[in-house]
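Undergrad: Provided below for reference: sequence and predicted model.
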Amino acid sequence: MIDAVVTVPGVTVSDVPARMFGSFVEHMGRCVYTGIFEPGHATANAEGFRGDVLDLVRELGVSVVRYPGGNFVSGYRWEDGIGPVEERPRRLETAWHEIEPNIVGLHEFVTWAEQAGVEIMEAVNLGTRGVEDAMRLVEYSNHPSGTALSDARRRNGAEEPFGIRLWCLGNEMDGPWQLGAKSAEEYGALARETAKGMRAVDPSIELVLAGSSGTDMPTYGEWERTVLRHAYAHVDYLSLHLYVQERQDPSAFLASALRLEQAIRDVSTIIDEVRAEGQHSHQVALAIDEWNVWNQDRFNDPEHQREVQHGPWLEHPEVIEDVYTLTDAVVVGTFLHTMLRNADRVRIANLAQLVNVIAPIMTAEGGDAWRQATFWPFARIASHARGNVLETHVDAPEIAGAPAVDAVVTHEDDRGEWCVFLANRALEDSASVTITLPRADLAAREAEVLTSAEGRLAVNTHESPGTVAMQELPVASGDGVLEVTLPPVSWAWLRVGVPST
Ligand code: AHR
């Protein structure tokens with residue numbers, strides 16, 4: 001048994017940013033077609049969106065959804081996705097070697113986002129396109145009326161502007177795999193000019209500059225410095241992408257939020273240096289706009305790549321439909337803890353992706369939708385982390401350089417409620433966790449743990465969707481202290497408040 005002590009002195013780190021609970025819908029594999037959109041499905045609504053998926057998206061608590069890519073956006077012509085559906089072109093989609101039918105485009109996605117209750121984070125193509133097309137897309141989306149583009153939107157059925165506030169300046173432009181990949185100098189200059197043009201059309205928009213596509217990129221760090229030197233004055237956020245996976249050492253994998261913690265520190269330092277150099281008054285924040293567990297070794301295997309890139313051109317083939325274990329879910333939980341602890345820096349984050357493609361929600365075409373193991377920590381944190389993030393100290397032994405028990409606490413004044421989010425990273429040992437909050441008269445209102453009788457490699461599937469699920473967690477309380485016991489490799493949360501008299 002591991003002993004851990006969690007202490008919360010009552011110091012606020014930051015408010016909880018609503019956009020931290022974002023996700024990502026890319027035209028890739030079965031994320032859109034047979035994911036969010038399947039007109040023939042038994043639960044489909046009038047617009048062809050799956051009702052069962054919409055319900056799960058709402059339950060997941062997603063606040064903002066990045067769209068339409070990803071690598072896809074770097075070859076995308078947004079005009080292909082507007083106007084009468086029967087007149088839209090079918091295109092070769094070269095990022096993922098698929099056929100894109102363009103049945104879902106901008107208008108359809110806006111409708112879906114309204115139904116799901118999420119904000120849109122729209123990416124522009126800076127791979128094969130540039131300043132003019134990005135400006136045209138902003139005008140089409142956000143200008144009220146009286147110009148060719150805004151009137152075209154109205155003719156296409158949207159009288160009111162879409163009012164899209166949040167925009168990404170391209171995607172992973174540092175990646176050699178990216179269509180139209182650029183050097184940092186080239187991208188920095190293009191992003192700056194595109195930002196100026198887009199803002200000239202709609203000054204109210206917020207812009208995300210593309211940072212590195214991973215901390216293992218050879219240009220990581222230098223890329224951030226260079227692109228910020230070009231574009232700092234014109235942007236609000238700098239993005240970072242981070243995917244992790246389990247290799248030989250499960251303990252090292254369970255500690256992989258350390259990489260995120262380090263990256264947040266490193267990139268924040270660079271932002272501050274460039275801000276000081278340029279004497280900029282505003283603070284650029286971080287947008288971790290793609291993060292998740294993704295078994296990239298399997299995807300990058302040369303044999304698999306040959307099959308994908310030289311196989312037949314298909315519509316919505318199965319692509320990277322990773323099946324997530326309980327261990328993966330614990331890592332997802334600790335990533336969210338890490339971002340919350342750094343919420344003064346990280347203001348946007350997007351779990352990549354939302355449905356079927358490395359996703360918390362899975363669907364069978366014509367069949368059910370179910371929750372992957374990773375759904376649970378995201379859903380609980382997104383629904384309950386409100387108010388402020390509090391400084392949280394953990395005293396626990398280390399495993400692979402990280403504390404065996406990871407914790408973060410949020411506090412919402414209005415409801416007089418504290419939420420404690422916990423993870424036990426130990427492979428074999430349970431953890432006895434003692435929690436001291438800033439008030440002595442508190443008691444648990446609700447407590448759950450994510451675990452499985454089948455152990456750390458348990459997964460949820462179509463046939464058995466409930467193998468990894470939340471279970472009630474017993475809490476002992478007394479003398480202002482709460483005590484819980486976490487099973488090995490588990491994630492848990494407690495909702496705590498003043499007991500009603
Ligand atoms: O999320 C899958 C892919 O990962 C995205 O298209 C790309 O941006 C990243 O490399």
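TA: That came through, no problem.

Undergrad: what residues go with each domain of this protein?
TA: 19-384, 389-497 (automatic domain parsing).

Undergrad: could you dump those to JSON lines with mean neighbour count?
TA: From N, CA and C alone the C-beta is placed, and that goes for glycine too. Shown next, in JSON lines, are the domains of the chain (neighbours: other CB atoms under 10 Å):
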{"stretch": "domain 19-384", "mean neighbour count": "20"}
{"stretch": "domain 389-497", "mean neighbour count": "19"}
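
Undergrad: closest one to Thr7 among those?
TA: domain 389-497 (4.6 Å; CB to CB).

Undergrad: What parts of the stretch 251-400 of the chain come near the ligand?
TA: Within the stretch 251-400 of the chain, the positions lying close to the ligand (CB under 6 Å from any ligand atom) are 290, 352-353.

Undergrad: between those residues, which is nearest Leu258?
TA: Using CB to CB, these come closest to Leu258 at Glu290, 18.8 Å.

Undergrad: gap between the closest one and Asp151?
TA: For Glu290, the distance to Asp151 equals 35 Å [CB to CB, to the nearest Å].

Undergrad: outside of the longest helix anywhere in the chain, which residues touch it?
TA: If you go by DSSP state H, the chain has its longest helix at helix 257-278. With contacts defined as CB atoms under 8 Å, 6 or more residues apart in numbering, helix 257-278 is touched by 211, 215, 221, 224-225, 228-229, 232-233, 238, 240, 242, 244, 280, 283-284, 286, 288, 291, 331, 334-335, 337-339, 341-342, 345-346, 401-402, 406.

Undergrad: Please apply the same query to stretch 338-349.
TA: By CB under 8 Å, 6+ apart, stretch 338-349 touches 13-17, 19-22, 64, 121, 166, 208, 237, 257, 260-261, 264, 268, 285-289, 291, 336, 381, 385, 389, 392, 408, 410, 421.

Undergrad: Show residues contacting stretch 290-299.
TA: Residues contacting stretch 290-299 (CB under 8 Å, 6+ apart): 24, 66, 70, 213, 239, 241-247, 260, 304-305, 320, 322, 324, 328, 331-332, 335, 349-353, 358, 374.

Undergrad: out of the residues you listed, which are inside helices?
TA: 260, 304-305, 328, 331-332, 335.

Undergrad: Rebuild those residues as CSV, extending it with pLDDT.
TA: Shown next, in CSV, are the ones in helices among the contacts of stretch 290-299 (pLDDT from 0 to 100):
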residue, pLDDT
Leu260, 98
His304, 82
Gln305, 83
Asp328, 98
Val331, 98
Val332, 98
Phe335, 98
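
Undergrad: before we move on, what SS does the closest residue to Trp78 other than its chain neighbours have?
TA: Once flanking residues are discounted, Trp78 sits nearest to Leu137: 5.3 Å by CB to CB, 6 or more residues apart in numbering. What DSSP: H, G, I helix; E, B strand; the rest coil gives for Leu137 is helix.

Undergrad: Identify the residues contacting Leu137.
TA: Contacts of Leu137 (CB under 8 Å, 6+ apart): 78, 122, 124.

Undergrad: The first one and the ligand, how far apart?
TA: Same thing as Trp78. 17 Å (CB to the nearest ligand atom, to the nearest Å).

Undergrad: wait, that residue sits on Asp133?
TA: Yes: look at Trp78 against Asp133 with CB atoms under 8 Å: they come within range, at 7.4 Å.

Undergrad: what residues are shared contacts of these two?
TA: What both Trp78 and Asp133 touch, as defined by CB under 8 Å, 6+ apart, is the set Asn125.

Undergrad: Phi, psi for the closest residue to Trp112 other than its chain neighbours please.
TA: Spatially, and ignoring its direct neighbours in sequence, Trp112 is nearest to Phe49 (5.3 Å; CB to CB, 6+ apart). Backbone torsions of Phe49, given as degrees, to the nearest 10, read phi -90, psi 140.

Undergrad: cool, Leu494 as well?
TA: Dihedral angles for Leu494 - degrees, to the nearest 10 - are phi -130, psi 140.

Undergrad: what sits against the residue of the stretch 1-150 of the chain found nearest the ligand?
TA: Closest contact between the stretch 1-150 of the chain and the ligand, by CB to the nearest ligand atom, is at Gly70 (2.8 Å). By CB under 8 Å, 6+ apart, the contact set of Gly70 is 24, 26-28, 95, 123, 171, 290, 352-353.

Undergrad: with those in mind, which one is nearest to Pro203?
TA: Among these, and counting by CB to CB, the member closest to Pro203 is Ala123, at 19.8 Å.

Undergrad: any idea which element Gly197 lies in?
TA: Counting by DSSP states H and E, the element that carries Gly197 is helix 184-201.

Undergrad: In strands only, show me the contacts of helix 257-278.
TA: Of the positions in the contacts of helix 257-278, 238, 240, 242, 244, 286, 288, 291, 346, 402, 406 sit in strands, assigned by DSSP state E.

Undergrad: Which one of these is nearest to Ile435?
TA: Nearest member of the ones in strands among the contacts of helix 257-278 to Ile435, counting by CB to CB, is Asp406, at 13.0 Å.

Undergrad: so that closest one touches Arg425, yeah?
TA: Yes: when contacts are counted by CB under 8 Å, Asp406 is listed as touching Arg425 (6.6 Å).

Undergrad: shared neighbours of these two, which are they?
TA: Thr334.

Undergrad: got the contact list for the residue in the stretch 251-400 of the chain that the ligand sits nearest to?
TA: Relative to the ligand, the nearest point of the stretch 251-400 of the chain is Ala352 (4.2 Å; CB to the nearest ligand atom). Taking CB under 8 Å, 6+ apart, we find Ala352 in contact with 23-24, 26, 66, 70, 241, 243, 290-292, 294, 358.

Undergrad: How about Gln353?
TA: The contact partners of Gln353, by CB under 8 Å, 6+ apart, come to 23-26, 28, 31, 70, 292, 359.

Undergrad: CSV please, covering these and showing pLDDT.
TA: Listed next are the contacts of Gln353 as CSV, based on pLDDT from 0 to 100:
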residue, pLDDT
Ser23, 98
Phe24, 98
Val25, 98
Glu26, 98
Met28, 97
Cys31, 98
Gly70, 97
Asn292, 98
Ala359, 98
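
Undergrad: can you give me the helices for the stretch 301-450 of the chain?
TA: Secondary structure of the stretch 301-450 of the chain by DSSP state H, counting those that start in this stretch: the helices cover 302-310, 326-341, 375-384.

Undergrad: Among those, which comes closest to Leu54?
TA: The nearest among the helices of the stretch 301-450 of the chain, by CB to CB, is helix 375-384 at 14.6 Å.

Undergrad: Point out where this structure drops to low pLDDT.
TA: Along the chain, the model assigns pLDDT under 70 to residues 501.

Undergrad: change it to 50
TA: The chain contains no residues with pLDDT under 50.

Undergrad: quick revisit: quick one: the residue nearest to Trp112 and Gln115 touch, right?
TA: Yes: in this structure, Phe49 is within contact of Gln115 by CB under 8 Å, at 6.3 Å.

Undergrad: picking up where we left off before, output the ones in helices among the contacts of stretch 290-299 in a markdown table; the columns should cover distance to Glu365.
TA: Output for the ones in helices among the contacts of stretch 290-299, formatted as a markdown table (distance: CB to CB, whole Å):
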| residue | distance to Glu365 |
| --- | --- |
| Leu260 | 34 |
| His304 | 22 |
| Gln305 | 25 |
| Asp328 | 24 |
| Val331 | 29 |
| Val332 | 26 |
| Phe335 | 30 |
